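Participant: structure of the sequence below:
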Amino acid sequence: MDPACIRHTDLPGTTRLFADFSYHFDRVAQFYRHDPHNPESLHAAAAEVEYPDERRAAMVKALRAQNGASNGASESLERFQEPGTVAIVTGQQVGLFSGPAYTIYKAITAARVARESSARGIPAVPVFWLATEDHDFDEVNHVWTFDGAHQPLKLSANAPSELNGRQRPVGGIAIDQPPVDQLAESLKGFPHGDEVAAMVRDAYPSGATMGQGFRALLKHLLAKLDLIFLDPLDPAVRKIGAPIIRRALEAAPELKTRLVERSQELEAAGYHAQVHLDEKTSLFFLLENGGRVPLRRKDFEFRDLSDRAAEISPNALLRPVVQDYLLPTAAYIGGPAELAYLAQSQVIYDRLLGRMPVAMARSSFTLLEPHAAKLIERFGMNVTQAFTDEGSLQAQIAHVLAPESVKSAFTSAAAGLESGIAKLRAELERFDPTLAASLDKSGAKILYQIEKTRRKIERETLRRDQRASGDAHYLTSLLFPERHLQERFYTILPFLARHGVDLIDRLYDAAAIDCPDHRVLEI
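Facilitator: Have a look, this model is predicted:
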């Protein structure tokens, strides 16, 4: 069955910037270099790539060391070393147990775009950028899964004692006791639970770093996609990227001015600036003694850091430019937040690289299990109506379940009262307008009491049908857990445990890069 499509504008939390990026790109075109909806944009972006043979050879050597020759990325690496091959890049923070499900959707989209680009005569390989340099451990140290009853469960990894509140790149943080046993327990009873738990256990042995575990698990899950993984903390990669860092250091005051102006332009156009900029905002972090120290303007006024460029890490706005110096990137696959970052970063691209890849939205999915699909049909709903809190969903279901005769009687009574009150008001208006105004208040109270009684009957209907109340809990937990879209909350792992690892293949087949909508895939 083909996935059903839902416009992002019908989803909760969609920003105006992402809505216009998806459906009215002309409104945001000034903030990007290429139109992702124009098939010729990929050709244009690829033609702009200037990637010296020396840099390509150095990156191939570094990537071979990172990826090895027997993990499924060797074919892509062979293609990558050929002159003219471009990269289709995506990436994600190295979250526990692969992070939210959209991590997988990003990788799938990059692989599809690379395949279709190659088929159209633009040789391309998919590259997954491991965001190991990020420092917010609390953001990546946990993951949400669910058990056989679709009860959300949060699994967390404890911070090592030596972290002690310090900023430190999360990719290198070792986890002594990854919560693998808790995950395995939650997946018991799922047909493929043992298989998925074993994969995670292999990827996260005691002492594995966040970056190592994340990469190992994704390599296993996505082996068929032939991804190249890139860890920017690798000293060899940092050495290759040092020239663009030096360039950024030299241009730092100008870059900061341009970024402030771009933020103002976005806000003037009615959009948001993803990264708030002020005097304290730093474009650079110095990596030393295992920590991550922000560099302020005074740091490069009083000392020359160009000889330490390989030790400097870029902030969120500079990072994609460094990435696309290291790689011959023709397209970047991102979610709404990353596409908003790029709207700001464009000014850095123009200044430092003179080019910018096509910014493309990742595929977006809600996975709909058969039981959920039957319930939605039974209650006469659509999927978007389930994107609400449990209480509101219960109210929707209660309205559907209330006896038709009772609903009809209430509708008839309300209509009769409204008609009678309207006739009475017309007479009172001629007799005494003040009495007519008084009737407005009294009539509203009468109709309110009728509506209040109707809601009481619906709640009583739901109380008598305990299964329906459980159905509401199930649908909310599956489709809109904790008031979040499923893909942004749950890891992919419980879905693989229930439906098999070949669900990845089905998602790959369902990813349509020419469809801007959110997709509902019945599994």
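
Participant: can you tell me the element the residue nearest to residue 151 when sequence neighbours are not counted falls in?
Facilitator: Distances taken as CB to CB, 6 or more residues apart in numbering put residue 477 closest to residue 151, at 6.7 Å, once the chain neighbours are dropped. Backbone N, C-alpha and C define where each C-beta goes, glycine included. Element membership of residue 477, judged by DSSP states H and E, is helix 466-479.

Participant: got the CA coordinates for the next helix or strand after that helix in CSV?
Facilitator: Counting by DSSP H and E, the element after helix 466-479 in chain order, helix or strand, is helix 486-489. Written as CSV, here are the backbone C-alpha positions of helix 486-489 (Å, rounded to 0.1, in the frame of the first residue of the first chain):
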residue,chain,number,x,y,z
GLN,A,486,6.2,9.8,16.6
GLU,A,487,9.4,10.3,14.4
ARG,A,488,10.7,12.9,16.8
PHE,A,489,10.1,10.9,20.0
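
Participant: now helix 486-489: buried residues?
Facilitator: For helix 486-489, a neighbour-count test (16 or more other CB atoms under 10 Å) marks 486-487, 489 as buried.

Participant: ok so, going back, show me what the helix holding residue 477 is packed against.
Facilitator: Counting contacts by 3 or more CB pairs under 8 Å, 6 or more residues apart in numbering; DSSP states H and E, helix 466-479 packs against helix 370-378, helix 390-401, helix 433-464.

Participant: residue 32 reaches residue 342, doesn't it?
Facilitator: Yes. Counting by CB atoms under 8 Å, residue 32 does reach residue 342; the two are 6.8 Å apart.

Participant: just give the nearest non-adjacent residue to residue 220, would you?
Facilitator: residue 199 (5.3 Å).

Participant: same question, residue 294
Facilitator: residue 282 (4.0 Å).

Participant: ok so the one you found is a helix residue?
Facilitator: No. Counting by DSSP: H, G, I helix; E, B strand; the rest coil, residue 282 is not found in a helix; it is coil.

Participant: relative to residue 109, how far out is it?
Facilitator: From residue 282 across to residue 109, the span is 31 Å (CB to CB, to the nearest Å).

Participant: and these two? Which one has more around it.
Facilitator: residue 109 (27 against 17; other CB atoms under 10 Å).

Participant: contacts only, for the more buried one.
Facilitator: Listed by CB atoms under 8 Å, 6 or more residues apart in numbering, the contact set of residue 109 reads 90, 333, 360, 362-363, 511, 513.

Participant: which member of these is positioned nearest residue 59?
Facilitator: Using CB to CB, residue 90 comes nearest to residue 59 of those, at 17.1 Å.

Participant: I'd say that closest one and residue 360 touch.
Facilitator: No. Residue 90 is beyond contact range of residue 360, at 9.2 Å (criterion: CB under 8 Å).

Participant: burial count for residue 106?
Facilitator: 20.

Participant: tell me the helix or strand right after the helix or strand harbouring it.
Facilitator: For residue 106, the host element (DSSP H and E) is helix 102-119. Following helix 102-119 in sequence order, the next helix or strand is strand 124-131 (DSSP H and E).

Participant: which element follows that next one toward the C-terminus?
Facilitator: helix 137-140.

Participant: off-centre distance for that next one?
Facilitator: Distance of helix 137-140 from its chain centroid, counting by CA atoms, centre = their mean, to the nearest Å, is 15 Å.

Participant: quick check, residue 501 in a strand?
Facilitator: No. Looking at residue 501 with three-state DSSP, it is coil, so not inside a strand.

Participant: need the phi and psi values for it.
Facilitator: The phi/psi pair for residue 501 (degrees, to the nearest 10) reads phi -70, psi -20.

Participant: show me what stretch 247-266 is in contact with.
Facilitator: Outside stretch 247-266, the residues touching it (CB under 8 Å, 6+ apart) are 17, 30-31, 272-273, 275-277, 281, 283-284, 297, 300, 305-306, 309, 312, 314, 317-318, 321-322, 343-344, 346-348, 351-352.

Participant: mind listing what's buried in it?
Facilitator: Across stretch 247-266, burial judged by 16+ other CB under 10 Å covers 247-249, 252, 255-256, 258-260, 262-263, 265-266.

Participant: please work out the average pLDDT along it.
Facilitator: For stretch 247-266, mean pLDDT is 94.

Participant: may I see the buried residues of stretch 392-401?
Facilitator: So, applying 16+ other CB under 10 Å, buried residues of stretch 392-401: 393-399.

Participant: so where do the strands sit in the chain?
Facilitator: With strands called from DSSP state E, the chain shows them at 4-6, 86-93, 124-131, 142-146, 152-156, 228-230, 284-288, 291-295, 312-314, 329-334, 358-361, 365-368, 518-522.

Participant: and the fifth one, how far from the chain's centre?
Facilitator: Right, the one you point to is strand 152-156. That offset, for strand 152-156, works out to 19 Å (CA atoms, centre = their mean).

Participant: between that strand and strand 142-146, how many degrees?
Facilitator: Orientation check (axes from the mean of the first three to the mean of the last three CA atoms, to 10 degrees): strand 152-156 against strand 142-146 gives 150 degrees.

Participant: please put the alpha-carbon coordinates of strand 152-156 into CSV.
Facilitator: Below are the C-alpha coordinates for strand 152-156, written out as CSV (Å, rounded to 0.1, in the frame of the first residue of the first chain):
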residue,chain,number,x,y,z
PRO,A,152,6.4,5.0,26.5
LEU,A,153,9.7,4.1,28.3
LYS,A,154,12.7,6.4,28.7
LEU,A,155,16.1,4.8,28.8
SER,A,156,19.1,6.9,29.9
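
Participant: any chance of TSV for the contacts of residue 109, columns distance to residue 220 and pLDDT?
Facilitator: Converted to TSV, the contacts of residue 109 look like this (distance: CB to CB, whole Å; pLDDT from 0 to 100):
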residue	distance to residue 220	pLDDT
90	18	98
333	21	98
360	26	98
362	21	97
363	21	97
511	20	92
513	25	79
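
Participant: most neighbours of all those, which one?
Facilitator: residue 333 (31 neighbours).

Participant: shared neighbours of residue 32 and residue 342, anything?
Facilitator: In contact with both residue 32 and residue 342: 356, 359, using CB under 8 Å, 6+ apart.

Participant: so between the two, which is more surrounded?
Facilitator: Between residue 32 and residue 342, counting by other CB under 10 Å, residue 342 is the more crowded of the two (23 against 20).

Participant: which residues are in contact with the more buried one?
Facilitator: Contacts of residue 342 by CB under 8 Å, 6+ apart are 32, 320, 332, 334, 356, 359.

Participant: what's the answer for residue 108, then?
Facilitator: 222, 225, 363, 504, 507-508, 511.

Participant: what's the neighbour count on the nearest residue to residue 189 once chain neighbours are set aside?
Facilitator: Ranked by CB to CB, 6+ apart and with sequence neighbours excluded, the top spatial neighbour of residue 189 is residue 148, at 4.5 Å. For residue 148, the count of nearby residues is 14 (other CB under 10 Å).

Participant: from here on, count from 15
Facilitator: In the new count, where the first residue is 15, that last one comes out as residue 162.

Participant: got a list of what residue 162 touches?
Facilitator: For residue 162, the contacting residues are 202-204, by CB under 8 Å, 6+ apart.

Participant: cool, and residue 65?
Facilitator: By CB under 8 Å, 6+ apart, residue 65 lies in contact with residue 342.

Participant: again, only using 10 Å
Facilitator: By CB atoms under 10 Å, 6 or more residues apart in numbering, the residues touching residue 65 are 73, 97-101, 338-343.

Participant: in PyMOL, how would I select the buried members of those residues?
Facilitator: Remark: buried members of the contacts of residue 65, expressed as a PyMOL selection using 16+ other CB under 10 Å:
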select buried, resi 73+99+100+101+338+339+340+341+342+343
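
Participant: how about JSON lines for the contacts of residue 65, with distance to residue 481 and pLDDT added?
Facilitator: Shown next, in JSON lines, are the contacts of residue 65 (distance: CB to CB, whole Å; pLDDT from 0 to 100):
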{"residue": "73", "distance to residue 481": "58", "pLDDT": "98"}
{"residue": "97", "distance to residue 481": "64", "pLDDT": "96"}
{"residue": "98", "distance to residue 481": "61", "pLDDT": "96"}
{"residue": "99", "distance to residue 481": "56", "pLDDT": "98"}
{"residue": "100", "distance to residue 481": "54", "pLDDT": "98"}
{"residue": "101", "distance to residue 481": "51", "pLDDT": "98"}
{"residue": "338", "distance to residue 481": "54", "pLDDT": "98"}
{"residue": "339", "distance to residue 481": "58", "pLDDT": "98"}
{"residue": "340", "distance to residue 481": "56", "pLDDT": "98"}
{"residue": "341", "distance to residue 481": "53", "pLDDT": "98"}
{"residue": "342", "distance to residue 481": "57", "pLDDT": "98"}
{"residue": "343", "distance to residue 481": "52", "pLDDT": "98"}
